[in-house]
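K.L.:
Show me the folded form of this:
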Amino acid sequence: MKVHFIAIGGSAMHNLAIALHKKGFIVTGSDDEIFEPAKSNLNKYGLLPSEIGWHPEILDESYDAIILGMHAREDNPELIKAKETGLKIFSYPEYIYEQSKNKKRVVIGGSHGKTTITAMIIHVLRKAGIDTDYLVGAQLEGFETMVKISNDAPVIILEGDEYLTSPIDKRPKFHLYKPHLALLSGIAWDHINVFPTFEEYYKQFLTFANTIEDNGILTYFTDDLNLQRVSKESKSNIEKIPYQTHQFTIKDGITYLTDRGQLNVPIKVFGKHNLQNISGAKVICNNLGINDDTFYNAISSFPGASKRLETVYKNDNFIFYRDFAHSPSKLSATASAVKQQYPEKELTACIELHTFSSLNKTFLKEYFGTMNEPDIAVVYFNPETIEHKKLESISIEDIKVAFGRKDIIVFNKSSELLQFLKSKSWKNRILLMMSSGNFDGINMFDLANEFENLKIC
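P.N.:
Residues are numbered from 1 along each chain as shown. Below you'll find the model as predicted:
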């Protein structure tokens, strides 16, 4: 098979390119910008384009498939050439489905937690010695790539994203996978640039549930009222299994899984949202033939996914976490988790408003009360990002009103945020930095080293 990737530099795209290369495919690709780690990853396997830019002249009838990334536009010259040549064009979700038609497909969806749940399941299956293919939205410890597609693995675990598939296919990605086993972790309005009302957003999850293969299984977090509604309104010829937050205790900063005194399993992750994630992962693993003893033995060593409550720095006095949280539900769950885990330590939580939704003046009200638990709450936004996204400008006062906390600290210059962080003593304190961006280039590990050099932690 010979395939070409239009916009090969994307996170999922370059990982799929490597996976197909490992499978023995002839793989080429183009892009007008490629950043790290995609650049180094592609170069390692000889897949890095020799020149940046689009090269329609290389496309001919010898290609079996063109895989189109979301970064490309409808007027992309390679896409136009592929259409003119009559080549088969797929989005990456479509091609993942093409490569997994003969496998048992497990799809993990939801507004939050899907990356972590997918990672938990993959971790447990590996520990149990079960060969599986996968697609997950973060780099996992012990796994070289975020995508694996093989000839032999009988199961594939897919993180199911509700965002659009490609520039020429406006369906949500998770509508294309047709799972045998599916999980929904929760529904909290997001991506308002695509789904301008909650009801429109909700319908995508109902549609997803109706794509489950007949006689398949839908498991869902039962305390989410919207998921209860999905369960009632979705098709009847599938089994529906609710799950709850796993019972737990916290002792000396360590969370233990419990069960009426019959279980006492220490785990490396924490927070009620992760206890929900573990329960959901357990339902899926049980339905893949993993017994409880095997599951608990494996989950106890799960280290977490990259940027999901990831420890940047830790000593006896100071703990520094970074997290991908950006939507209201994720923000609230993450801040609450850290505060509950370390109630005796002062928590400073900082969120960067970076996404289209979070910087939308109308959507801002969805953040009301989400930063109430931290002792010190900080919000950062860059006015240039708002301008780049062609959104209405927002002020510091708009943010204070939206979050509903009078003492919230708001910065719109990263230099001022850094000055604030470096001016504090971090002894017996916790810093939590949350964003789907990077705070305009702040390297968290370098920042932790500066704290150490300044002897403030």
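K.L.:
C-alpha from now on. contacts and neighbour counts both.
P.N.:
Noted.
K.L.:
Need the distance between the two termini of stretch 375-389.
P.N.:
End-to-end distance of stretch 375-389: 32 Å, with CA to CA, to the nearest Å as the criterion.
K.L.:
How about stretch 228-245?
P.N.:
Note: stretch 228-245 ends 15 Å apart using CA to CA.
K.L.:
quick one: buried residues of it?
P.N.:
Val230, Ser231, Ser234, Lys235, Ile238, Lys240, Ile241, Pro242, Tyr243, Gln244, Thr245 (16 or more other CA atoms under 10 Å).
K.L.:
Among the residues you listed, name the ones in helices.
P.N.:
Taking DSSP state H, the ones among the buried residues of stretch 228-245 that sit in helices are Val230, Ser231.
K.L.:
In the buried residues of stretch 228-245, find the pair that's most separated.
P.N.:
Maximum pairwise distance in the buried residues of stretch 228-245, criterion CA to CA, is 25.5 Å, between Lys235 and Thr245.
K.L.:
and the longest helix seen in the chain, what does it pack onto?
P.N.:
As assigned by DSSP H, the longest helix anywhere in the chain is helix 272-287. Helix 272-287 sits against helix 114-127, strand 181-184, strand 217-221, strand 239-243, helix 292-299, helix 328-341, with contacts defined as 3 or more CA pairs under 8 Å, 6 or more residues apart in numbering; DSSP states H and E.
K.L.:
Show me where this structure has its helices.
P.N.:
Under DSSP H, the chain gives helices at 11-22, 38-44, 77-85, 92-99, 114-127, 198-210, 225-233, 272-287, 292-299, 328-341, 383-388, 396-403, 414-423, 444-453.
K.L.:
so of those helices, which one's packed in deepest?
P.N.:
helix 114-127 (a mean of 24; mean count of other CA atoms under 10 Å).
K.L.:
Summarise which helices and strands that helix is packed against.
P.N.:
If you count contacts as 3+ CA pairs under 8 Å, 6+ apart, helix 114-127 packs onto strand 104-109, strand 155-159, helix 272-287, helix 292-299.
K.L.:
Between helix 92-99 and the shortest one, find me the angle.
P.N.:
It refers to strand 155-159. Relative orientation of strand 155-159 and helix 92-99, computed by axes from the mean of the first three to the mean of the last three CA atoms, to 10 degrees: 170 degrees.
K.L.:
Report the rounded mean pLDDT for stretch 413-424.
P.N.:
Mean pLDDT, computed over stretch 413-424, is 95.
K.L.:
what about that stretch, distance to the chain center?
P.N.:
Centre-to-centre, stretch 413-424 and its host chain are 28 Å apart (CA atoms, centre = their mean, to the nearest Å).
K.L.:
what's the closest of the helices and strands packed on helix 114-127 to Asn449?
P.N.:
That would be helix 272-287 among the helices and strands packed on helix 114-127, by CA to CA, at 28.5 Å.
K.L.:
contacts for that closest one?
P.N.:
When contacts are defined by CA atoms under 8 Å, 6 or more residues apart in numbering, helix 272-287 is touched by residues 113, 116-118, 120-121, 124-125, 181, 183, 185, 219-221, 243-248, 291-292, 295, 299, 333-334, 337.
K.L.:
for stretch 25-38, same thing?
P.N.:
1-11, 14, 17, 20-21, 47-49, 52-55.
K.L.:
buried stuff in that stretch?
P.N.:
Residues of stretch 25-38 classed as buried under the neighbour-count rule (16+ other CA under 10 Å) are Ile26, Val27, Thr28, Gly29, Ser30, Asp31, Ile34, Ala38.
K.L.:
So which of these are in strands?
P.N.:
In strands, defined here by DSSP state E, the members of the buried residues of stretch 25-38 are Ile26, Val27, Thr28, Gly29, Ser30.
K.L.:
so what's the first one bridging to?
P.N.:
Yep, that's Ile26 we're talking about. Beta-bridge partners recorded for Ile26 (DSSP bridges): Lys2.
K.L.:
about what we covered before: tell me the one of the buried residues of stretch 228-245 nearest Glu387?
P.N.:
Val230 (37.1 Å).
K.L.:
my guess is Phe368 contacts Ile408, does it?
P.N.:
No. Look at Phe368 against Ile408 with CA atoms under 8 Å: they stay out of range, at 11.8 Å.
K.L.:
want to throw the buried residues of stretch 25-38 into JSON lines with distance to Val136?
P.N.:
Output for those, formatted as JSON lines (distance: CA to CA, whole Å):
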{"residue": "Ile26", "distance to Val136": "23"}
{"residue": "Val27", "distance to Val136": "21"}
{"residue": "Thr28", "distance to Val136": "22"}
{"residue": "Gly29", "distance to Val136": "21"}
{"residue": "Ser30", "distance to Val136": "23"}
{"residue": "Asp31", "distance to Val136": "22"}
{"residue": "Ile34", "distance to Val136": "20"}
{"residue": "Ala38", "distance to Val136": "15"}
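K.L.:
Phe381 and Phe356 touch, don't they?
P.N.:
No. Under the criterion of CA under 8 Å, Phe381 makes no contact with Phe356, lying 11.8 Å away.
K.L.:
Compare those two (neighbour count), which wins?
P.N.:
Counted by other CA atoms under 10 Å, Phe381 and Phe356 do not tie: Phe381 has more neighbours, with 24 against 17.
K.L.:
mind checking how far the more buried one is from Leu347?
P.N.:
Distance of Phe381 to Leu347, given as CA to CA: 20 Å.
K.L.:
what do you get for Lys170?
P.N.:
For Lys170, the distance to Leu347 equals 41 Å [CA to CA].
K.L.:
Who has more neighbours out of those two?
P.N.:
More crowded of Lys170 and Leu347, by other CA under 10 Å: Leu347, with 24 against 11.
K.L.:
Contact partners for the more buried one?
P.N.:
Taking CA under 8 Å, 6+ apart as the criterion, Leu347 is in contact with Val338, Lys339, Pro374, Asp375, Ile376, Arg429, Ile430, Leu431, Leu432.
K.L.:
export the residues you listed to a markdown table and tack on distance to Thr311 and pLDDT?
P.N.:
As requested, these are exported to a markdown table (distance: CA to CA, whole Å; pLDDT from 0 to 100):
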| residue | distance to Thr311 | pLDDT |
| --- | --- | --- |
| Val338 | 12 | 94 |
| Lys339 | 15 | 94 |
| Pro374 | 18 | 97 |
| Asp375 | 19 | 97 |
| Ile376 | 19 | 97 |
| Arg429 | 14 | 96 |
| Ile430 | 11 | 97 |
| Leu431 | 10 | 97 |
| Leu432 | 9 | 97 |
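K.L.:
can you put those in JSON lines and add distance to Ser395?
P.N.:
Listed next are the contacts of Leu347 as JSON lines, based on distance: CA to CA, whole Å:
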{"residue": "Val338", "distance to Ser395": "29"}
{"residue": "Lys339", "distance to Ser395": "28"}
{"residue": "Pro374", "distance to Ser395": "22"}
{"residue": "Asp375", "distance to Ser395": "23"}
{"residue": "Ile376", "distance to Ser395": "20"}
{"residue": "Arg429", "distance to Ser395": "29"}
{"residue": "Ile430", "distance to Ser395": "28"}
{"residue": "Leu431", "distance to Ser395": "25"}
{"residue": "Leu432", "distance to Ser395": "23"}
